[in-house]
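1. I need the structure of the sequence given here:
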Amino acid sequence: MSNSIDTIIFDLGAVLIDWDPRHLYRKIFKTEDEITWFLENICTHDWNEKQDAGRSFAEATDELLEKFPEHEFAIRAWYGRWQETIKGPIQGTVDILKEIKDQEKYKLYALTNWSAETFPWAVEKFDFLQWFDGIVVSGHEKTRKPFPDFFQILFDRYRVNPKNSLFIDDNKRNIEGGLALGLPGIHFQSPTQLKTELIKAGVIR
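-> Numbering: from 1, shown residues only. You can find the predicted model right below:
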């Protein structure tokens with residue numbers, strides 16, 4: 001397999017960067033159950049994905065404030081204190097990224113569902129984002145994983161052949177979206193598991 005792979009594509013959030021809204025909301029709510037309820041009913045995954053696909057924070061916040069004015073403080077915190085949703089790098093994965101980069105054998109790209117309004121902060125915060133040969137950000141492109149057109153932007157812009165690539169993402173739905181386009185993937189669960197999979201694929205030793 002390693003003989004055919006020339007490109008490695010990384011997701012960012014929850015793979016290289018420890019993003020989790022719970023990091024923020026543990027400072028606001030008293031219990032995990034309260035956080036779970038809020039994330040399942042107010043600031044939901046589906047709601048957040050619309051910002052990943054280009055909707056503005058202002059529009060997103062106004063939508064929820066109109067529906068749930070009693071939760072104004074927690075709703076406004078999502079973007080008002082957005083940086084607190086990021087704990088830092090996932091160092092084990094960053095180390096793997098460096099190991100791949102140092103081989104000077106593979107093209108490295110990132111394909112991320114991330115708001116255009118917050119991504120500039122991440123670029124300033126995490127030096128390892130400079131290691132990529134290119135990054136495609138959903139908020140800039142107005143589409144996102146797992147939609148085929150988002151993957152195709154990466155393929156076309158950087159002349160990536162999906163059959164000669166390997167895609168790493170923590171969301172199984174996104175891995176399946178890539179597979180449908182002929183892009184092999186690794187469903188990320190931990191740095192240790194990823195390293196094992198990459199050794200099997202012959203990418204690292």
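2. ok, and what's touching the helix or strand Thr93 falls within?
-> Counting by DSSP states H and E, the element that carries Thr93 is helix 91-102. Contacting residues not belonging to helix 91-102 are listed as 8, 10, 15-16, 106, 108, 128, 131, 188, 190-192, 194-195, 198, 203-204 [CB atoms under 8 Å, 6 or more residues apart in numbering]. Heads up, the C-betas are built off the backbone N, CA and C, glycines and all.
3. try it again with 10 Å
-> For helix 91-102, contacts defined as CB atoms under 10 Å, 6 or more residues apart in numbering pick out 8, 10-12, 14-18, 88-90, 106, 108, 110, 126-129, 131-133, 166, 168, 188, 190-192, 194-195, 198, 203-205.
4. Tell me which residue lies farthest from the centre of this structure.
-> Most distant residue from the mean C-alpha position of the chain: Glu70, 30.5 Å away (CA atoms, centre = their mean).
5. part of a helix, is that one?
-> Yes: according to DSSP: H, G, I helix; E, B strand; the rest coil, Glu70 belongs to a helix.
6. Next, find the distance separating it from Phe188.
-> For Glu70, the distance to Phe188 equals 37 Å [CB to CB, to the nearest Å].
7. quick revisit: sheet-wise, list the partners of the next helix or strand after the helix holding Thr93 with their directions.
-> The C-terminal neighbour of helix 91-102 among helices and strands, as given by DSSP H and E, is strand 107-112. Strand 107-112 has its sheet partners listed here by DSSP bridges as strand 7-10 (parallel), strand 134-137 (parallel).
8. from those strands, which stretch is densest packed?
-> Of all these, strand 7-10 has the most neighbours on average by mean count of other CB atoms under 10 Å, namely a mean of 24.
9. Show me how far that strand is from its chain's centre.
-> Averaging C-alpha positions (CA atoms, centre = their mean, to the nearest Å) puts strand 7-10 13 Å from its chain's average.
10. could you point out which element follows that strand?
-> Counting by DSSP H and E, what follows strand 7-10 is strand 17-19.
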